[in-house]
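**Q** give me a model of this one.
(2 chains)
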Number of protein chains: 2
Amino acid sequence: MKMSIKKLAKLANVSATTVSLVLNNKPSRISESKKSEIKELAQLHDYEPNFSAINLVMKQSKTIGLLIPDIENLFFSALAKKVEDELRQEGYSLIFVNSNDDYKQDLSLLKNLVNRGVDGLLLTVANDSIKHKSSYESLLKRLNTPFVMVDRNIGNPNHPQVFFDNKLGGYMATQYLIEKGYKKIACLSTKDISVNGLYRYEGYVKALEQAGYNIDQSIVFSGDYRFQSGYEIADKLILENCDALFAGNDLMAYGVIKRLRELGKNVPNDIEVVGYDNLEFSRMLGLELPSIEQNISDLGKKSVELLLNIINNHPVDTVIELKPTFKKY
Amino acid sequence: MKMSIKKLAKLANVSATTVSLVLNNKPSRISESKKSEIKELAQLHDYEPNFSAINLVMKQSKTIGLLIPDIENLFFSALAKKVEDELRQEGYSLIFVNSNDDYKQDLSLLKNLVNRGVDGLLLTVANDSIKHKSSYESLLKRLNTPFVMVDRNIGNPNHPQVFFDNKLGGYMATQYLIEKGYKKIACLSTKDISVNGLYRYEGYVKALEQAGYNIDQSIVFSGDYRFQSGYEIADKLILENCDALFAGNDLMAYGVIKRLRELGKNVPNDIEVVGYDNLEFSRMLGLELPSIEQNISDLGKKSVELLLNIINNHPVDTVIELKPTFKKY
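**A** Numbering: from 1, shown residues only, chains lettered A, B, ... in the order given. Presented below is the predicted three-dimensional model:
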């Protein structure tokens, strides 16, 4: 016979809520001897709690929802792993959903997670959600579920959030190229599709202005974070006589370098490229690519910490900014 | 006022179960006009179903659990994305957990998923679970939840499963090297830690035997699927005068090639290497690495199809073998 919480409650002569409180080690007025009795009964009858039942009784599911834009992106798979690991240590399971960076999926998945009764949400919103800020905000306002925006926000600095200083990253990458004496430093930017891309671009502008360079829009190119968009602008770098490039991520930098080499150019001697993400594949495959590194492990850890603090009503700073670092290679 | 299933049932003058059946489009004896009335009431009151409540009433959660060993591994992140995408199209959400390839985590996460009342399980078991086959089997036997083993089994050919023919992959890789005339073909194998690694090794042995080569255990090396384990055996390839290597995956091949180049060797002229996985990073970073490709999208799609067929009691073949292909580069 499969043991249920109700049967267990009857055997122990207490309510189902009491059983649930005791087995979940929640504060209650139940005597220690009664607690032991209930725990022993549960063990004796090989009782495995049914989380859906507990969910309704306890109003908590011990589940956190993680919304990410693309699990195949190395940044987000590393983040998901860290988050899952941190949550498990705290006794939580992770429900993970993937929006394919699509605003409508974002909203529908978010509602779905909330309807499933997760205790909290870690949200890395789709890049195009920024265009729908007001409907997104109105949904967030109606949520009773605590949430933390991770890595990306939707232009609201007041939400609980953990993020990297992307402007600093763009600034450091460009500053490195300025210090090496390059005169025509291009930018392959994702500012048109991503808030973080915009911040990285602002860092590029800040570094150039500070050093007395003109901002030349004819060498600011549009990319989409993918290899191909880097590959496609390499020819233009040569046409415009650029001697250096700050690429918004490593994948685009890989595309640029692949094409530059096909065109007979030497990297970094003819054109030096700086990336963003510091992917380990560069070193594995012998590419000496300077890059901006974001500590993903730190991002995951801090995001989980913040969310659990909010869930448990601990008073904390709810806006956490992390600093990227420059890696020469 | 937040609308609940109970309040809605009261308004419609039916039971909560009836409301649940109707809103989930489940077969019932309720009249069409009553169905319309209930749906209109739900819409009018902006009712969003509480999945935990539905779960208890309907005995189904519209959630599938996916157990994978390592979300940072590109094979599994691509698989997770495909699975999530396929499931979403069928109206299911995905609960995703990560075992870190650890047997104890495997069992504990599996129980956790079952206790959360998932409708089905997609299981890619930890590599070391094979050593604990009997306790794993006894757990699976007690499960009432349908499951499909994905990519890896625990040595039981009768479980519902979707997997690649790894022996064929190892055979094709080795056959390619034999046909190119290499005489001393080494193997960097994961046979000691993985069933799929063992099959790949068996394919290597089969191809060599068929071609009349001796199997020389002094050039069969142990790896762990990681870059570093490839890097570390490169020196031995030279010591043993090997002219070719079949590496059990691309990451280990990257490690071997990195070190061979550091030692002044040319790949493929001095030593040719074949990998497994056909990672796109090879092409991105200009490495012409022949490799065995497994169609991960196919694996995800077929696994979801099989699981949903089992859940819906459709009669189907429950053991599906997929074929890998050889990619010259």
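
**Q** what does the strand or helix carrying residue A:301 contact?
**A** If you go by DSSP states H and E, residue A:301 is part of helix A:296-311. Here helix A:296-311 makes contact (C-beta atoms under 8 Å, 6 or more residues apart in numbering or on different chains) with A:64, A:75, A:78-79, A:81-83, A:85-87, A:90, A:92, A:119-122, A:146-148, A:150-151, A:160, A:162-164, A:316, A:318, A:320, A:322. C-beta: built from backbone N, CA, C; applies to glycine.

**Q** all helices of the stretch 51-200 of chain A, in order?
**A** Taking DSSP state H, counting those that start in this stretch as the criterion, the stretch 51-200 of chain A carries its helices at A:51-58, A:74-89, A:103-115, A:133-142, A:166-179, A:195-210.

**Q** sorry, back to before: which ones, among the contacts of helix A:296-311, also lie beside chain B?
**A** For chain B, the contacts drawn from the contacts of helix A:296-311 by C-beta under 8 Å from any C-beta of the partner chain are A:78, A:81, A:85.

**Q** isn't the second one right up against residue B:98?
**A** This points to residue A:81. Yes: assessed by C-beta atoms under 8 Å, residue A:81 is found in contact with residue B:98 at 5.9 Å.

**Q** give me the more crowded residue out of those two.
**A** Neighbours per residue, other C-beta atoms under 10 Å in any protein chain shown: of residue A:81 and residue B:98, the larger number sits with residue B:98, 26 against 20.

**Q** list the contacts of the more buried one.
**A** A:80, A:81, A:84, A:85, B:68, B:69, B:70, B:71.

**Q** number of nearby residues for residue A:166?
**A** Using other C-beta under 10 Å, residue A:166 has 25 neighbouring residues.

**Q** how much space between it and residue A:194?
**A** Residue A:166 sits 9 Å away from residue A:194, going by C-beta to C-beta, to the nearest Å.

**Q** same check on residue A:4?
**A** Distance, residue A:4 to residue A:194, by C-beta to C-beta: 49 Å.

**Q** the stretch of helix or strand residue A:292 belongs to: partners in the sheet, and parallel or antiparallel?
**A** Assessed by DSSP H and E, residue A:292 sits inside strand A:291-293. Here strand A:291-293 is paired, per DSSP bridges, with strand A:272-276 (parallel), strand A:325-327 (antiparallel).

**Q** JSON lines for these, including mean neighbour count, distance to residue B:291 and mean pLDDT?
**A** Output for the strands paired with strand A:291-293, formatted as JSON lines (neighbours: other C-beta atoms under 10 Å in any protein chain shown; distance: least, C-beta to C-beta, whole Å; pLDDT from 0 to 100):
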{"stretch": "strand A:272-276", "mean neighbour count": "27", "distance to residue B:291": "25", "mean pLDDT": "98"}
{"stretch": "strand A:325-327", "mean neighbour count": "15", "distance to residue B:291": "29", "mean pLDDT": "97"}
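
**Q** OK, contacts around the closest residue to residue A:295 other than its chain neighbours?
**A** Sequence neighbours aside, residue A:322 is the residue nearest to residue A:295 in space, at 6.7 Å (criterion: C-beta to C-beta, 6 or more residues apart in numbering or on different chains). By C-beta under 8 Å, 6+ apart, residue A:322 lies in contact with A:162, A:163, A:164, A:165, A:294, A:295, A:298, A:299, A:302.

**Q** recalculate using a threshold of 7 Å.
**A** Taking C-beta atoms under 7 Å, 6 or more residues apart in numbering or on different chains, we find residue A:322 in contact with A:162, A:163, A:164, A:295, A:298, A:299, A:302.

**Q** nearest to chain B within the stretch 151-300 of chain A, name that residue for me.
**A** At 4.0 Å from chain B, residue A:285 is the closest residue in the stretch 151-300 of chain A, using C-beta to the nearest C-beta.
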